[in-house]
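1. curious how this folds, go ahead:
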Amino acid sequence: MTARTAAPRSTPPAPSPSATPRPAGATPFDGPANGSRAFRWLAGDHADHGRYTDMHARFRAPYLFGAAIGGTCLLTAVWFGWWLVVLVAVATATMGVGVRAGTGSARPEVVGAVSFSLLELNLAVSVALSGGARSPLLALMVVPVFTQAVCFPPRVTAVGVTLSAGLMAAAVLAARPGAPAVPAALYVVSWLALLSCLSLAAYYLAAADLSSRGDAVVDPLTGLFNRKALQARFADVRAQALALDLPVAVAMCDVDRFKAVNDAFGHDRGDVVLQELAYRLRKELRTYDLVYRMGGEEFLVLLPGHDAAAATAVATRLREVVVESPVAGLDVTVSIGVSSARGAAVDLGELTRTADAALYDAKRAGRDRVVTAAG
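-> The predicted structure follows:
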């Protein structure tokens, strides 16, 4: 059984995204559009979020950075006392909690920013207790900065650099007087720790660059993400759905009688139709509701946080956006199949299979309509 929804061609234009309320049943998810202005500034758009999750995953051994810094701090404690040992323990706990909290979090950027701030503050206190400007730990305060710089947007990095510079200055000015002299070998150890962290970060960045070159994720014709990008993004969406028991929906969209367009007007005109259609779909969606080109004239819309009713409302709006005015000078319609699942039932293969079946039902029922798979 399937539920069918269709609207006549005289349907009034859909409202713009800024004026469109969230459909009933749409659950807040990980998108910046669902958060405060501060969170949207921190997380950025979907591209920024994708970059964060990708680089956060690639920096899969944060304890290697922690070991380099923590080991140097423990060695420095031989000259400056047990307080540095306590600070190392606090930093270790902060890193452990941050890693666990960030895994599966709906807002991992917030967890990362808080962890960065706490670790940098911890280092600043360590520097103040170990001689300030003469502390062998001062140079290590740059490590949290550049590890976060590769994950966050430039504007967030700029704030992080400013924060670190302020903490460095405060640590130097607040240093306790009469700090004991330390052997030159300790400074060598500190610089070797810094060099190790820089080399490790450079390795991860190089690996990310090689991976991105060999694994293109953008469709060159429409500028949309492709099937490979969908698989990577869906893993993140599914993890959040599992962690928070949220719904996820998929809408399969296919251009009706597209072969006739190519036959009658040529493939160049057909390409323009696909480009304009991709633009309309993308413009109508929220920041984190992504549309992917699956191949040919078929598109997939990923709707995190949407149950069947909310996803059907979005799909109906997309259909109306297409038919409200000519696409590349032609009267074009689309058929859309919708499928949804929640929590542990969220599976990309099953969602696309049922959405495809609903799409075929829409085609058989006359095209230019939305069909929702029964859940």
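
2. residue 263 and residue 297, how far apart?
-> Separation of residue 263 from residue 297 (CB to CB, to the nearest Å) stands at 13 Å. C-beta here means a position set from N, CA and C on the backbone, and glycine is covered the same way.

3. mind listing what residue 98 touches?
-> 111, 112, 114, 115 (CB atoms under 8 Å, 6 or more residues apart in numbering).

4. residue 306 is in contact with residue 246, correct?
-> No. The pair residue 246 / residue 306 is not scored as a contact, 9.2 Å apart, by CB atoms under 8 Å.

5. next helix or strand past the least confident helix or strand in the chain by mean pLDDT?
-> Lowest mean confidence among the helices and strands of the chain (mean pLDDT, DSSP states H and E): strand 2-5, at a mean of 44. Where DSSP states H and E defines the elements, the next helix or strand beyond strand 2-5 is helix 37-43.

6. what's that next one packed up against?
-> Applying 3 or more CB pairs under 8 Å, 6 or more residues apart in numbering; DSSP states H and E, one finds that helix 37-43 contacts helix 108-129, helix 154-173.

7. which helices and strands does the last one pack with?
-> In this case it means helix 154-173. Applying 3+ CB pairs under 8 Å, 6+ apart, one finds that helix 154-173 makes contact with helix 37-43, helix 108-129, helix 142-149.

8. other residues contacting that helix?
-> Here helix 154-173 makes contact (CB under 8 Å, 6+ apart) with 41-42, 44, 113, 116-117, 120-121, 123-125, 127-128, 132-133, 135, 138, 141-142, 144-145, 148-149, 152.

9. how close does the residue lying farthest from the centre of the chain sit to residue 235?
-> Within the chain, residue 178 marks the point farthest from the mean C-alpha position, 48.1 Å out by CA atoms, centre = their mean. Here residue 178 is placed at a distance of 55 Å from residue 235 (CB to CB).

10. if we can go back for a sec, put the buried members of the contacts of residue 98 into a ChimeraX selection.
-> For the buried members of the contacts of residue 98, the matching ChimeraX selection, counting by 16 or more other CB atoms under 10 Å, is:
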select :111,112,115
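
11. can you show me the strands along the stretch 151-300 of the chain?
-> Using DSSP state E, counting those that start in this stretch, the strands of the stretch 151-300 of the chain run over 247-255, 290-295, 298-304.

12. out of these, deepest packed?
-> The highest mean neighbour count among those, using mean count of other CB atoms under 10 Å, belongs to strand 247-255: a mean of 27.

13. run through the neighbouring helices and strands of that one.
-> On a contact count with 3+ CB pairs under 8 Å, 6+ apart, strand 247-255 meets helix 227-244, helix 267-284, strand 298-304, helix 308-323, strand 334-342, helix 348-364.

14. quick one, it and helix 348-364 angle?
-> Comparing the axes of strand 247-255 and helix 348-364 via axes from the mean of the first three to the mean of the last three CA atoms, to 10 degrees yields an angle of 40 degrees.

15. and the strands of the stretch 151-300 of the chain: which comes nearest residue 75?
-> strand 298-304 (46.5 Å; CB to CB).

16. who does the closest one pair up with?
-> Within its sheet, strand 298-304 is paired with strand 247-255 (antiparallel), strand 290-295 (antiparallel), according to DSSP bridges.

17. same list (those strands) but as CSV, adding mean pLDDT.
-> Below are those laid out as CSV (pLDDT from 0 to 100):
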stretch, mean pLDDT
strand 247-255, 96
strand 290-295, 91
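
18. could I get the ones you listed as TSV with distance to residue 95?
-> As requested, those are arranged in TSV below (distance: least, CB to CB, whole Å):
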stretch	distance to residue 95
strand 247-255	31
strand 290-295	32
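
19. quick one: which of those strands is nearest residue 369?
-> When the strands paired with strand 298-304 are compared for distance to residue 369 using CB to CB, the nearest one is strand 247-255, at 11.6 Å.

20. quick one: which of the strands paired with strand 298-304 is nearest residue 374?
-> Here strand 247-255 is closest among these (CB to CB), at 13.7 Å.

21. quick check: angle from the closest one to helix 308-323?
-> Inter-element angle recorded for strand 247-255 and helix 308-323: 30 degrees (by the same axes, to 10 degrees).

22. figure out how far strand 247-255 is from the centre of its chain.
-> Relative to the centre of its chain, strand 247-255 is centred 20 Å away, using CA atoms, centre = their mean, to the nearest Å.

23. what do you get for stretch 148-168?
-> Chain-centre distance of stretch 148-168: 19 Å, with CA atoms, centre = their mean.

24. give me the buried stretch members for it, please.
-> Neighbour-count burial for stretch 148-168 [16+ other CB under 10 Å]: 148-153, 156-157, 160, 163-164, 167-168.

25. next: stretch 101-115.
-> 102, 105, 106, 107, 108, 109, 110, 111, 112, 113, 115.

26. same thing with stretch 224-243?
-> Buried residues in stretch 224-243 (16+ other CB under 10 Å): 224-226, 229-230, 233-234, 236-241.

27. neighbour count winner among residue 246 and residue 306?
-> Remark: of residue 246 and residue 306, residue 306 carries more neighbours, 30 against 21, as counted by other CB atoms under 10 Å.

28. from residue 123, how far off is the more buried one?
-> Relative to residue 123, and taking CB to CB, residue 306 is found at 43 Å.

29. got the strands of the stretch 151-300 of the chain as CSV, with distance to residue 313 columns?
-> Listed next are the strands of the stretch 151-300 of the chain as CSV, based on distance: least, CB to CB, whole Å:
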stretch, distance to residue 313
strand 247-255, 10
strand 290-295, 16
strand 298-304, 10
